[in-house]
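Visitor: What follows is a predicted structure for the sequence shown.
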Amino acid sequence: MAMIGGGPGSFIGPVHRMAAELDGAVRLVAGAFSRDEARTQSAGRDYGLEPNRVYSDYRQLLERERREADGADFVAIVTPNDSHFPVARAALDSGFHVICDKPATATLSEAIGLAEIVRRSQPLYALTYTYTGYPLVREARDLCHRRELGQVRKIVVGYTQGWLSERIETSGQRQAVWRTDPAQAGIGGCIADIGVHAFNLLEYVTGLRVTEVCAELSTMVAGRALDDDCNVLLRLDNGARAVLHSTQIAAGERNRLQIWVHCERGSIAWAQENPNRLEVLVLNRPAMTLHAGETYLGPSARAATRLPGGHPEGYIEAFANIYRDFAADLTRRATDPTAQLSPTLCGIDAGLRGMRFVECAIASSSNGSAWTRLNE
Ligand SMILES: NC(=O)c1ccc[n+]([C@@H]2O[C@H](COP(=O)([O-])OP(=O)(O)OC[C@H]3O[C@@H](n4cnc5c(N)ncnc54)[C@H](O)[C@@H]3O)[C@@H](O)[C@H]2O)c1
């Protein structure tokens, strides 16, 4: 693996490194961790890399790694949103497989362009929608896809954070600085940063597609250029209805991502801050709680669990499940040029859906919260 981004003090780059290497199939061998030479070299030392495999420019990395006999096989993109598209395009064009953090791009037109490139490229492309790696999210998905509780009628999905309750970007907090700057974050603030996680979780778990949205995006902290609070009603392709809310100004909240799926004969509920449990409520029956690591879970949840029940697994392991599936796909691809991404993974279609959602919600909100079609 070669990593672009993930320099000193960054959030998600080190998580990618830990997750990628957890199961032993992937090793970080090269990186362009920062645009600054001293910082990229400092990160390279911390990651234990040879100095000649550390670059300050991703184009140089792609060029050199392509020529190395033992060069990287794939590129992980963990930079702010504005560089996802140019880096992914350059990496795919150079023949590297790509795994990129969300959102896929900074704008919908970039996502449409990237989808074209991915469809005609040989290398594989995946997105790290972290929450899809949790065993009980995969169990919830299997329950929904088998329609065990009947048709889905209503979904409530919420992603509540409080770390942007104050204007910390003005004091230089690095993650806040770029997330509140349209030039680096793209067209959406909270909606593109965490609203896309909620949207992805909704479509991933239910297997349904959102067709229309009615959104109100607000900027609650004065002086910010992008939204920091989002309230969205959604209609789905089977007639179900949904409520999606995401906010970064819920003072005191940490990372409360939750989903409730209500079906004809029962409901399921999962919460990211307590991820090893899945509530399953069946009409006229006692409530059930499923636990990670137990033998009664389905094959995809069991495959995503490394420890017996009662031993907590969390964020890194969920991330590592995405990397493990991706590494297995690359291994299959090495002998079978037609091998595609595993169905557990999110690819460019999910990336494009996410950017359509962002742009559609912004359009609805700026048009008096009018119902707006989320076009294919
Ligand atoms: N999957 C998740 O749950 C999750 C969580 C957090 C962040 N993210 C996503 O990950 C990405 C990074 O977020 P973050 O919070 O880690 O940001 P960050 O600011 O903490 O780190 C970004 C890093 O990228 C480096 N960088 C920027 N441009 C570069 C370039 N052209 N070449 C090389 N390095 C470059 C910076 O120097 C920095 O080290 C964002 O797209 C964000 O949306 C996803």
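Guide: Right, received. Where do you want to start?

Visitor: which stretches of the stretch 1-150 of the chain form helices?
Guide: 12-21, 37-46, 58-67, 84-93, 108-120, 135-145 (DSSP state H, counting those that start in this stretch).

Visitor: residues of the fifth one that come out buried?
Guide: It stands for helix 108-120. 108, 110-111, 114-115, 117-118 (16 or more other Cβ atoms under 10 Å). (Each C-beta comes from the backbone N, C-alpha and C, glycine too.)

Visitor: circling back to that earlier point, quick one: closest of the helices of the stretch 1-150 of the chain to the ligand.
Guide: The ligand lies closest, by Cβ to the nearest ligand atom, to one member of the helices of the stretch 1-150 of the chain: helix 12-21, at 3.5 Å.

Visitor: which residues touch that closest one?
Guide: The contact list for helix 12-21 (Cβ atoms under 8 Å, 6 or more residues apart in numbering) reads 1, 3, 5-7, 26-28, 33, 43, 47, 76, 78, 101, 128, 315-317, 319-320, 322-323, 327.

Visitor: so how far is stretch 233-244 off the chain centroid?
Guide: Taking Cα atoms, centre = their mean, to the nearest Å, the mean C-alpha location of stretch 233-244 is offset from the chain mean by 21 Å.

Visitor: my read is Ile268 is in a strand, agree?
Guide: Yes - when DSSP: H, G, I helix; E, B strand; the rest coil is applied, Ile268 is found to be in a strand.

Visitor: So which of the contacts of helix 12-21 would count as near the ligand as well?
Guide: 5-7, 33, 78, 101, 128 (Cβ under 6 Å from any ligand atom).

Visitor: Going through those residues, which ones are buried?
Guide: 5-7, 33, 78, 101, 128.

Visitor: Quick one: residues contacting Leu307.
Guide: So Leu307 contacts 293, 313 (Cβ under 8 Å, 6+ apart).

Visitor: you'd agree Thr211 is in a strand?
Guide: Yes - counting by three-state DSSP, Thr211 is part of a strand.

Visitor: picking that back up, inside strands: which ones of the buried ones among the ones next to the ligand among the contacts of helix 12-21?
Guide: 5, 78, 101, 128 (DSSP state E).

Visitor: For those residues, could you give me a markdown table that also reports distance to Gln272 and pLDDT?
Guide: Converted to a markdown table, those look like this (distance: Cβ to Cβ, whole Å; pLDDT from 0 to 100):
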| residue | distance to Gln272 | pLDDT |
| --- | --- | --- |
| Gly5 | 23 | 98 |
| Val78 | 20 | 98 |
| Asp101 | 17 | 98 |
| Thr128 | 15 | 98 |
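
Visitor: quick revisit: take the helices of the stretch 1-150 of the chain and write them to CSV, including mean pLDDT.
Guide: Putting the helices of the stretch 1-150 of the chain into CSV (pLDDT from 0 to 100) gives the following:
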stretch, mean pLDDT
helix 12-21, 98
helix 37-46, 98
helix 58-67, 98
helix 84-93, 98
helix 108-120, 97
helix 135-145, 97
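
Visitor: would you turn these into TSV with distance to Ala334?
Guide: Output for the helices of the stretch 1-150 of the chain, formatted as TSV (distance: least, Cβ to Cβ, whole Å):
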stretch	distance to Ala334
helix 12-21	17
helix 37-46	27
helix 58-67	17
helix 84-93	17
helix 108-120	19
helix 135-145	25
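
Visitor: I'd like the next helix or strand past the helix ranked longest in the chain.
Guide: Among the segments of the chain that qualify as a helix by DSSP state H, the longest is helix 315-335. Proceeding N to C from helix 315-335, the next assigned helix or strand is helix 348-366, under DSSP states H and E.

Visitor: Going by neighbour count, which residues in that next one are buried?
Guide: For helix 348-366, by 16+ other Cβ under 10 Å, it's 348, 350-365.

Visitor: same check, this time on stretch 81-100
Guide: Residues of stretch 81-100 classed as buried: 81-92, 96-100 (neighbour count, 16+ other Cβ under 10 Å).

Visitor: now, which of those lie close to the ligand?
Guide: Restricting the buried residues of stretch 81-100 to those near the ligand - Cβ under 6 Å from any ligand atom - leaves 81, 83.

Visitor: wait, does stretch 217-235 contact the ligand?
Guide: No - interface with the ligand: stretch 217-235 contributes nothing (Cβ under 6 Å from any ligand atom), its closest point being 13.0 Å away.

Visitor: Could you confirm Val205 falls within a helix?
Guide: Yes - per three-state DSSP, Val205 lies within a helix segment.

Visitor: and Arg17, how many neighbours?
Guide: Counted with other Cβ atoms under 10 Å, the neighbours of Arg17 add up to 24.

Visitor: ugh, wrong one, Tyr58
Guide: Residues near Tyr58, counting by other Cβ under 10 Å, number 23.

Visitor: give the contact list for it.
Guide: Contacts for Tyr58 (Cβ under 8 Å, 6+ apart) come out as 4, 32, 87, 90-91.

Visitor: do Ile322 as well
Guide: For Ile322, the contact set (Cβ under 8 Å, 6+ apart) comprises 19, 99, 126, 128-130, 132-133, 345.

Visitor: what do you get if the cut-off is 6 Å, keeping everything else the same?
Guide: When contacts are counted by Cβ atoms under 6 Å, 6 or more residues apart in numbering, Ile322 touches 128, 133.

Visitor: The one 5 residues further on now?
Guide: When the contact criterion is Cβ under 6 Å, 6+ apart, the partners of Ala327 are 25-26.

Visitor: same check, this time on Glu166
Guide: No contacts exist for Glu166 under Cβ under 6 Å, 6+ apart.

Visitor: how about the nearest residue to Gln161 once chain neighbours are set aside, what does it touch?
Guide: Distances taken as Cβ to Cβ, 6 or more residues apart in numbering put Gln248 closest to Gln161, at 4.7 Å, once the chain neighbours are dropped. Neighbouring residues of Gln248 by Cβ under 6 Å, 6+ apart: 161, 164, 190, 228.
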